[in-house]
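# Just a sequence and a predicted model for now, questions to come.
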Amino acid sequence: MISVVAYDTAWPAQFEAEAERLVQALGELALRIEHVGSTSVPGLAAKAVIDIQISVASLDDRDAFAAALGGLDYVHVPLGDFDAVYPFFQKPADWPCTHHVHLCVAGSDEERRHLAFRDRLRRDPVLAAHYAELKRRLASTHDGDSLASRERYSLSKSDFIAAALDTAAAEADNSPPNC
């Protein structure tokens, strides 16, 4: 069963500890390491899984990433066509896992989209509360620990995320220029 739990103040420290291990394992391959996903938003209910986005120069050398992440007990979980632009790794191999790593090219739409959604939720507690409500409702309707169930749960949030990003983009377009 997918379990959405109350925010845990330990999540940022768990991210920081894992980010240090990732820096050691990946070295210069990692250009940027960010805490993303619901556990990165203070006060937001979430699945108790630390989502980490690692920005890299290129996704061409997947074997190097897989080897480095494998040394930290991450396994690559291909997610169809999405794997080409946002490869996904989880730790440990079996569910329930504690960490997700998402690789993306620095400056890519995927990098910007995930950071923009996180930042939008951090700035807007009302939006974050609506998102938490949606996640709880979806978790109750997507039973099972299968990858397919978790994928359906994630896809069911797509419209909400797209609307939040559209609003964020509109706000950015209407913001006064920095002088």
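Arrived safely, thanks for sending.
# Tell me who's in contact with Tyr131.
38, 44, 121, 157, 160, 164 (CB atoms under 8 Å, 6 or more residues apart in numbering). The way it works is simple: take the backbone N, C-alpha and C, and place the C-beta from them, glycine included.
# An error on my part: the question was meant for Pro92.
By CB under 8 Å, 6+ apart, Pro92 lies in contact with 73, 75, 98.
# Output those residues as a markdown table; include the columns distance to Arg136 and neighbour count.
Shown next, in a markdown table, are the contacts of Pro92 (distance: CB to CB, whole Å; neighbours: other CB atoms under 10 Å):
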| residue | distance to Arg136 | neighbour count |
| --- | --- | --- |
| Asp73 | 30 | 14 |
| Val75 | 28 | 15 |
| Thr98 | 21 | 13 |
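# Buried ones only from the contacts of Tyr131, please, as a ChimeraX command.
Buried residues among these (16 or more other CB atoms under 10 Å), as a ChimeraX selection:
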select :38,44,121,160,164
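# The contacts of Tyr131 into JSON lines, with extra columns for secondary structure, pLDDT and distance to Glu16?
Below are the contacts of Tyr131 laid out as JSON lines (DSSP: H, G, I helix; E, B strand; the rest coil; pLDDT from 0 to 100; distance: CB to CB, whole Å):
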{"residue": "Ser38", "secondary structure": "helix", "pLDDT": "96", "distance to Glu16": "17"}
{"residue": "Leu44", "secondary structure": "coil", "pLDDT": "97", "distance to Glu16": "18"}
{"residue": "Leu121", "secondary structure": "helix", "pLDDT": "96", "distance to Glu16": "20"}
{"residue": "Lys157", "secondary structure": "coil", "pLDDT": "79", "distance to Glu16": "26"}
{"residue": "Phe160", "secondary structure": "helix", "pLDDT": "81", "distance to Glu16": "28"}
{"residue": "Ala164", "secondary structure": "helix", "pLDDT": "86", "distance to Glu16": "26"}
